[in-house]
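>>> no sequence for this one, just the structure:
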């Protein structure tokens, strides 16, 4: 297992190195020196956003990530906290909810490298890529039953074992 994690880190590092060489260290998402202002991006963050085609901060099917509204939060019947870490784990790995529940997913990146979380086949359940120490909140009404694969879409992370399932029961 340690070899698998090590291999994924090596592949991710090599990917970043190649991406940095091909873009001069800066992507279309910005770059430059880091600063104290939270609005500024480090050179690495800008490069990664540029290399990912501007996908950082996006929710599939809805455009730019937007935190839930007060009205959405008022409807919540259950909260599920999910952590993503640099050992390529999603905790809890397997989540079960009931159809009809309005679930608030609080997805926390407790690592240092960017991660994201998504449920395959459910466009509303995708955080977009976000950095270490940050979190994303999604409110979703479980409107269908089934078992859906969850994973981190950052290159190499799914392959390193950053996967799980979301099961919606009747």
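Sure, I can see it. Please read all numbers here as calculations on a predicted model, not as lab measurements.
>>> Now do the contacts for residue 84.
If you count contacts by Cβ atoms under 8 Å, 6 or more residues apart in numbering, residue 84 has them with 90, 107, 108, 109, 110, 111, 115, 116, 117, 152, 162. Where C-beta positions appear, they are placed from N, C-alpha and C, glycine not excepted.
>>> Which strand or helix spans residue 138?
Per DSSP states H and E: residue 138 is located in strand 135-141.
>>> So for the very next helix or strand once past that strand, what gets flagged as buried?
Sequence-wise, the next helix or strand downstream of strand 135-141 (DSSP H and E) is strand 146-151. Buried residues in strand 146-151, defined by neighbour count with 16 or more other Cβ atoms under 10 Å: 148, 150, 151.
>>> what do you get for stretch 136-155?
136, 137, 138, 139, 140, 142, 148, 150, 151, 152, 153, 154.
>>> Check the contact between residue 121 and residue 165; I expect there is one.
No: using Cβ atoms under 8 Å, residue 121 is not in contact with residue 165; the gap is 11.7 Å.
>>> what about the two, which has more around it?
Between residue 121 and residue 165, counted using other Cβ atoms under 10 Å, the more crowded position is residue 165 (17 against 12).
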